[in-house]
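Q: one predicted model, sequence on top.
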There are 2 protein chains.
Amino acid sequence: MRATVKDVARRAGVSPKTVSNVMNGIVPVSGPTRLRVEQAMAELDYVPNLSARGLRNGRSGVIGLALPDLATPFSAELAQSIVEVAHAQGFSVQIEETGSDPHREHELMTRARANLIDGLILNPVVLKESAVQVGVALPPVVLLGEVTQQLADRVFVDSFAAARDMTLALARPGRRRIAVLGVNRGRQSATAIQRAGGYEAALDMLGIPRDESLRISCDSWTPASAAEALAEYLDSNPVPDALFCFTDSMALGALNLLWKRGLRVPDDIAVAGFDDVIDGRFAVPSLTTVSFDKRAIATEALRLLTERMSDRSHGQRLVEIEYEIVERDSSRA
Amino acid sequence: MRATVKDVARRAGVSPKTVSNVMNGIVPVSGPTRLRVEQAMAELDYVPNLSARGLRNGRSGVIGLALPDLATPFSAELAQSIVEVAHAQGFSVQIEETGSDPHREHELMTRARANLIDGLILNPVVLKESAVQVGVALPPVVLLGEVTQQLADRVFVDSFAAARDMTLALARPGRRRIAVLGVNRGRQSATAIQRAGGYEAALDMLGIPRDESLRISCDSWTPASAAEALAEYLDSNPVPDALFCFTDSMALGALNLLWKRGLRVPDDIAVAGFDDVIDGRFAVPSLTTVSFDKRAIATEALRLLTERMSDRSHGQRLVEIEYEIVERDSSRA
DNA sequence: ACCTAAATTGTTTGCGCTAACAATTTTCTC
DNA sequence: GAGAAAATTGTTAGCGCAAACAATTTAGGT
């Protein structure tokens, strides 16, 4: 049987309270007593029961992180940052995959309210149907990414402006036929809407007429479906001058397909992505992208979350993360 | 204040036990009573407190997953599989990054023993110094990957054989100078040892003399340090006929560097990786690799873990996952 | 030395839940 | 319809911990 505070107390010849004091370190404990207790803990190989502590304190020390697709390099990099920042603050991270499913998002909120996690960092996708909307009693929650309405704290990159700037950067003399890859066929994700909007704003600024035939839809934002969508597109359309993919993952799929078709990047077609994922830097050719500091996202998200966990009173707050257009070989002249 | 079982019971006009019965569903509850209870739960917006349940049951329903580097696509894909399989069995997953640090591994074991997680899936790196070795009282744990000794349940791919087969596959008439990338300078990871061993076994089989100058060391298994290590290598060595990277991530870094140097893959040099990561399939050129079923790893790891959680008596068990050499454009003639 | 205040340590309760055990009601058998 | 068995539901204790409250020891001031 596992040792408990009581066992430690008995062995050290003190009361449970003293053992608790030694662990928490708030109430002072005299030198000799502390020593005896610590020795007893070591001898009994005592490990505190965190469930019990969680029940008693009402806080588990765990936060949830819910992302739409865990398999992407972007998720991996973001998760890493969040885990590291959280750990530095004494939190553990429970990861969840929503699969863009509002129902699953709702389930996670519930879990948070079930005290297993103290708060939730959530990247909602189809917000219209998201649990955040449905008026569920919200746990401390921080939203990641584009959210059109003010529903909870959130950390975001201005996707609209970034997509606009990227489109402007891609536009060069001779590059007027700029395609986008990632607009969704069915229900639009908030992110897709923002990025498509920015793209069109840039076209307007450039005086390039919008061309519906340059919007390539791709429901799943993976390399595989990007390659597939692009292949299908190229079968029945002329090669655009440039291709702006809504994520780096899609861009990698596109690069592979273009290479297979014998199209040279950037000579025949320039390519750009979004997220600045590590593998994009090492793509062939290296990928032009919208870069932003993922560690900053993690830091800010955790700051908002911990603040809200300790004090539920503030209104909803927004934190914007700066972005930067990083031009690499896939779009250089 | 949050509603508790007691509140629900009072409102439904039943006892707490009945409410518990309704939730657990083991002890039968009559139709009308169940209905009353369910309605009361809905009205009070009741959510069970999982900390309390965890304390009472001695199980939290959470398992830990500890990987050396969360930022890699491989980690992402594996984590996804594990999260999905775990979720299907009613478990949540807490992720942790060990950074190949034995001390951190030890900390995680402790956390497991602290009842916050019911079990741990751990990918140990430098096993010699790993906590698994130090004789810590082990929680239910399943090890992932190469482990030379029999210390706990584990799921693994035969890296030795896979590396051997890959080396054999790379060897073609005219390709005799086969380099490896990923041997470590300092303390060797178990994985590096296996893969290097398989590589050398293949050389022996082929009658190719071992050549120390074809072992390129690379301490961090990332694209960046792979590219750097390879760049340095090429500055003072002739171009090998083939390059076998110990992970796909490193291979991607290598591909990028080779491209920058104007070396053609596979004509000037064939390249291969290990892990069959999605981005490798879409690399330019698509990457030859050792493939294995990550979902199978997840399934088996969870099976071993849950079995051990329910019954601590079995001896240590091994599950081997099949691998396959997948030849893609980066090594095709 | 005596009293007061400060510093420690001790005693006990309850966080919310589940299940052992007990009590009650319903159903069945003849 | 009476008795027994089966099906429900109720009562209560305790999982391990932290802190409210109480008791004790120690230090400080005169």
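A: Structure received. Residues are numbered from 1 along each chain as shown, chains lettered A, B, ... in the order given.
Q: residues from the stretch 51-200 of chain A in reach of chain B?
A: With Cβ under 8 Å from any Cβ of the partner chain as the criterion, the stretch 51-200 of chain A meets chain B at residues A:51-52, A:54-55, A:60-62, A:69-73, A:75-77, A:79-80, A:83-84, A:87, A:92-97, A:110-111, A:113-116, A:137. To be clear about C-beta, it is placed using only N, CA and C from the backbone, and glycine gets the same treatment.
Q: drop anything exposed from these.
A: A:51-52, A:54-55, A:60-62, A:69-73, A:75-77, A:79-80, A:83-84, A:92-97, A:110-111, A:113-116 (16 or more other Cβ atoms under 10 Å in any protein chain shown).
Q: out of those residues, who's near DNA strand C?
A: By Cβ under 7 Å from any atom of the strand, the members of these lying near DNA strand C are A:52, A:55.
Q: the buried ones among the residues of the stretch 51-200 of chain A next to chain B in helices, which ones?
A: Per DSSP state H, helices hold the following members of these: A:51-52, A:54-55, A:73, A:75-77, A:79-80, A:83-84, A:110-111, A:113.
Q: returning to what we had before: ok, and of the residues of the stretch 51-200 of chain A next to chain B, which contact DNA strand D?
A: Answer for those near DNA strand D (Cβ under 7 Å from any atom of the strand): A:52, A:55.
Q: what's the neighbour count on residue A:320?
A: Residue A:320 has 12 neighbours, counted by other Cβ atoms under 10 Å in any protein chain shown.
Q: that one against residue A:161, yeah?
A: No. Look at residue A:320 against residue A:161 with Cβ atoms under 8 Å: they stay out of range, at 9.8 Å.
Q: ok, residue A:249 to DNA strand D distance?
A: 43 Å (Cβ to the nearest atom of the strand, to the nearest Å).
Q: hang on, that residue packs against residue A:74?
A: Yes. Counting by Cβ under 8 Å, residue A:249 sits close enough to residue A:74 to count as a contact (6.8 Å).
Q: joint contacts of those two?
A: Common contacts of residue A:249 and residue A:74, defined by Cβ atoms under 8 Å, 6 or more residues apart in numbering or on different chains, comprise A:275, A:277.
Q: those two: who's more crowded?
A: residue A:249 (33 against 24).
Q: quick check: angle from the helix or strand hosting that one to helix B:248-260?
A: Element membership for residue A:249 (DSSP states H and E) is helix A:248-260. Angle, helix A:248-260 to helix B:248-260, by axes from the mean of the first three to the mean of the last three Cα atoms, to 10 degrees: 50 degrees.
Q: from DNA strand C, how far out is the one residue in the stretch 201-333 of chain A that gets nearest to DNA strand D?
A: Residue nearest to DNA strand D within the stretch 201-333 of chain A: residue A:310 (13.7 Å; Cβ to the nearest atom of the strand). Going from residue A:310 to DNA strand C by Cβ to the nearest atom of the strand gives 18 Å.
Q: model confidence score at the closest residue to residue A:229 other than its chain neighbours, please.
A: Once flanking residues are discounted, residue A:229 sits nearest to residue A:218: 4.2 Å by Cβ to Cβ, 6 or more residues apart in numbering or on different chains. Looking at residue A:218, its pLDDT stands at 92.
Q: residue A:218: how many residues sit nearby?
A: The number of residues packed near residue A:218 is 27, by other Cβ under 10 Å.
Q: show me what contacts it?
A: Counted by Cβ under 8 Å, 6+ apart, residue A:218 has contacts A:181-184, A:225-226, A:229, A:250.
Q: residue A:160: which element?
A: With DSSP H and E as criterion, residue A:160 is part of helix A:159-170.
Q: what is that helix packed up against?
A: Where contact means 3 or more Cβ pairs under 8 Å, 6 or more residues apart in numbering or on different chains; DSSP states H and E, helix A:159-170 is packed against helix A:190-206, strand A:242-245, strand A:270-272, strand A:289-292, strand A:323-326.
Q: kindly reformat these as a markdown table containing mean neighbour count, distance to DNA strand D and mean pLDDT.
A: Output for the helices and strands packed on helix A:159-170, formatted as a markdown table (neighbours: other Cβ atoms under 10 Å in any protein chain shown; distance: least, Cβ to the nearest atom of the strand, whole Å; pLDDT from 0 to 100):
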| stretch | mean neighbour count | distance to DNA strand D | mean pLDDT |
| --- | --- | --- | --- |
| helix A:190-206 | 20 | 40 | 94 |
| strand A:242-245 | 30 | 49 | 98 |
| strand A:270-272 | 29 | 51 | 97 |
| strand A:289-292 | 24 | 39 | 98 |
| strand A:323-326 | 18 | 42 | 97 |
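Q: ok, which of those comes nearest residue B:24?
A: Evaluated over the helices and strands packed on helix A:159-170, closeness to residue B:24 peaks at helix A:190-206, with 38.9 Å, by Cβ to Cβ.
Q: give me the angle between the helix holding residue A:160 and helix A:190-206.
A: 40 degrees.
Q: gap between the helix or strand following helix A:159-170 and the chain center?
A: For helix A:159-170, the following helix or strand on the C-terminal side (DSSP H and E) is strand A:178-183. Distance of strand A:178-183 from the chain centroid (Cα atoms, centre = their mean, to the nearest Å) equals 22 Å.
Q: which residues sit against strand A:178-183?
A: A:167, A:170-171, A:192, A:195-196, A:199, A:203, A:208, A:214-218, A:221, A:226, A:229-230, A:233, A:240-247, A:250-251, A:254.
Q: pull up the pairing partners for it, direction included.
A: Here strand A:178-183 is paired, per DSSP bridges, with strand A:215-217 (parallel), strand A:242-245 (parallel).
Q: among these, which is nearest residue A:17?
A: strand A:242-245 (60.6 Å).
Q: show residues contacting the closest one.
A: Contacts for strand A:242-245 (Cβ under 8 Å, 6+ apart): A:163, A:166-167, A:170-171, A:175, A:177-182, A:199, A:226, A:230, A:251, A:254, A:269-274, A:331.
Q: please state the offset of it from the chain centre?
A: So, by Cα atoms, centre = their mean, the centroid of strand A:242-245 is 23 Å from its chain's centroid.
Q: could you check how far residue A:2 is from DNA strand C?
A: Distance, residue A:2 to DNA strand C, by Cβ to the nearest atom of the strand: 16 Å.
Q: run a quick check on that residue versus residue A:47, I expect a contact.
A: Yes. The criterion here is Cβ under 8 Å, and residue A:2 meets it with residue A:47 at 7.3 Å.
Q: okay, these two: which has more neighbours?
A: When neighbours are counted by other Cβ under 10 Å, residue A:2 and residue A:47 differ, and residue A:47 comes out ahead with 18 against 14.
Q: which helix or strand in chain A has the lowest average pLDDT?
A: Across the helices and strands of chain A, mean confidence by mean pLDDT, DSSP states H and E is lowest for helix A:102-113: a mean of 78.
Q: with just CA atoms, put the following helix or strand past that one into CSV.
A: As assigned by DSSP H and E, the chain's next helix or strand after helix A:102-113 is strand A:119-122. Presented in CSV, the C-alpha positions along strand A:119-122 are these (Å, rounded to 0.1, in the frame of the first residue of the first chain):
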residue,chain,number,x,y,z
GLY,A,119,-8.6,25.7,-18.0
LEU,A,120,-8.7,25.1,-21.7
ILE,A,121,-6.8,26.4,-24.7
LEU,A,122,-9.0,25.8,-27.7
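Q: circling back to that earlier point, could the helices and strands packed on helix A:159-170 go into TSV alongside distance to residue A:41?
A: Formatted as TSV, the helices and strands packed on helix A:159-170 follow (distance: least, Cβ to Cβ, whole Å):
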stretch	distance to residue A:41
helix A:190-206	50
strand A:242-245	55
strand A:270-272	57
strand A:289-292	45
strand A:323-326	49
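Q: list, one by one, the residues from the stretch 1-150 of chain A near DNA strand C.
A: Looking at DNA strand C, the residues of the stretch 1-150 of chain A close enough under Cβ under 7 Å from any atom of the strand are A:13-18, A:21, A:27-30, A:32-34, A:52, A:55-56.
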